[in-house]
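Visitor: From the sequence below, what's the structure:
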Amino acid sequence: MSILVLIYILNYIDRNNAAAARLRGFEEDLHLEGQQFNTILSVLYIGYTLMQVPSNMYLDKIGKPSIYLPTCMVIWGLISVLTGQFQHLSVE
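Guide: Modelled structure (predicted):
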């Protein structure tokens, strides 16, 4: 049960990280203007919402949350780490 509490806490921190990033200059670093930050958050939360149903269906199919949840956390952590490795991304 303690691993589920840890996953919940990390999920909460991950979702609230956007507000903390905004306070630390996220918009200025990415040169966002107007409603662009809100659009980014909307896309993030729409993705969360849309993927919850297929994720739960897949979890029901395999029937092993003890394997599925840690695997999802490792994959998400890997994506987050790799995303953090990009310093300059120029789109022209």
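Visitor: helices and strands of this structure: which one has the lowest mean pLDDT?
Guide: helix 2-23 (a mean of 78; mean pLDDT, DSSP states H and E).
Visitor: could you point out which element follows it?
Guide: helix 26-29 (DSSP states H and E).
Visitor: Could you list the buried residues of that following helix?
Guide: Counting neighbours by 16 or more other Cβ atoms under 10 Å, one finds that the buried residues in helix 26-29 are 26, 27. From N, CA and C alone the C-beta is placed, and that goes for glycine too.
Visitor: From the chain's centroid, how far away is it?
Guide: Chain-centre distance of helix 26-29: 18 Å, with Cα atoms, centre = their mean, to the nearest Å.
Visitor: Just the CA atoms of the least confident helix or strand of the chain, as CSV, please.
Guide: Coordinates of the C-alpha atoms in helix 2-23 are reproduced here as CSV (Å, rounded to 0.1, in the frame of the first residue of the first chain):
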residue,chain,number,x,y,z
SER,A,2,2.9,2.4,0.7
ILE,A,3,4.0,2.4,-3.0
LEU,A,4,0.5,3.6,-4.0
VAL,A,5,0.8,6.5,-1.6
LEU,A,6,4.2,7.4,-3.1
ILE,A,7,2.8,7.2,-6.6
TYR,A,8,-0.1,9.4,-5.7
ILE,A,9,2.2,12.0,-4.1
LEU,A,10,4.5,12.0,-7.1
ASN,A,11,1.5,12.4,-9.4
TYR,A,12,0.3,15.3,-7.4
ILE,A,13,3.7,17.0,-7.4
ASP,A,14,4.0,16.4,-11.2
ARG,A,15,0.6,18.1,-11.9
ASN,A,16,1.4,21.0,-9.6
ASN,A,17,4.9,21.5,-11.0
ALA,A,18,3.5,23.6,-13.9
ALA,A,19,2.4,26.4,-11.4
ALA,A,20,5.7,26.3,-9.7
ALA,A,21,7.5,26.5,-13.1
ARG,A,22,5.4,29.5,-14.1
LEU,A,23,6.5,31.3,-10.9
